[in-house]
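K.L.:
no FASTA, just this:
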């Protein structure tokens with residue numbers, strides 16, 4: 001028995017169709033990779049912003065703590081110089097009022113900074 005081989009031929013139309021399909025797939029993949037790279041870059045930028053701002057907030061917290069400690073030392077020194085109980089009570093009230101005002105201002109500042117950071121991160125994350 002002799003085998004007859006049927007010649008395998010691909011028509012020009014099939015070749016063109018395969019070439020176009022392959023070209024479209026390559027372009028789609030390139031677009032996908034570009035979008036992925038942009039997304040990763042945006043996430044990295046947002047993360048970098050968050051880390052930088054977190055460091056700023058930490059430094060600010062240290063500054064606030066230092067201010068509070070200095071105020072406490074000043075208060076202690078004034079208490080040591082008080083002449084009577086009435087002056088001590090007055091100094092105590094003054095110190096507590098000043099500390100409450102200072103703490104409130106510090107918390108507002110920290111809240112504003114945290115809010116600003118969150119907005120910047122959200123904006124950068126939304127850009128991708």
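P.N.:
Perfect, I can see it now. Computed from a predicted structure; not experimentally measured. Numbering: from 1, shown residues only.

K.L.:
in stretch 74-84, what's buried?
P.N.:
By neighbour count on 16 or more other Cβ atoms under 10 Å, the buried set for stretch 74-84 is residue 75. Where C-beta positions appear, they are placed from N, C-alpha and C, glycine not excepted.

K.L.:
centre of the chain to that stretch, how far?
P.N.:
Chain-centre distance of stretch 74-84: 45 Å, with Cα atoms, centre = their mean, to the nearest Å.

K.L.:
can you list contacts of it?
P.N.:
For stretch 74-84, contacts defined as Cβ atoms under 8 Å, 6 or more residues apart in numbering pick out 88, 91, 92, 95.

K.L.:
please indicate which of those residues are buried?
P.N.:
Among the contacts of stretch 74-84, the ones that count as buried (16+ other Cβ under 10 Å) are 91, 95.

K.L.:
among the contacts of stretch 74-84, which lie within helices?
P.N.:
With DSSP state H as the criterion, helices contain 88, 91, 92, 95 from among the contacts of stretch 74-84.

K.L.:
Serialize those to TSV and add fields for pLDDT.
P.N.:
Shown next, in TSV, are the ones in helices among the contacts of stretch 74-84 (pLDDT from 0 to 100):
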residue	pLDDT
88	93
91	95
92	96
95	96
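
K.L.:
distance of the most centrally placed residue in the chain from residue 38?
P.N.:
Closest to where the C-alpha atoms of the chain average out (Cα atoms, centre = their mean) is residue 50, at 2.4 Å. Look at residue 50 and residue 38: by Cβ to Cβ, to the nearest Å, they are 19 Å apart.

K.L.:
also residue 122?
P.N.:
Residue 122 sits 17 Å away from residue 38, going by Cβ to Cβ.

K.L.:
quick one: low-confidence parts of the protein?
P.N.:
1-3, 6-8, 10, 49, 125-128 (pLDDT under 70).

K.L.:
please redo it, this time with the cut-off set to 80
P.N.:
1-10, 40, 42-54, 121, 123-128 (pLDDT under 80).
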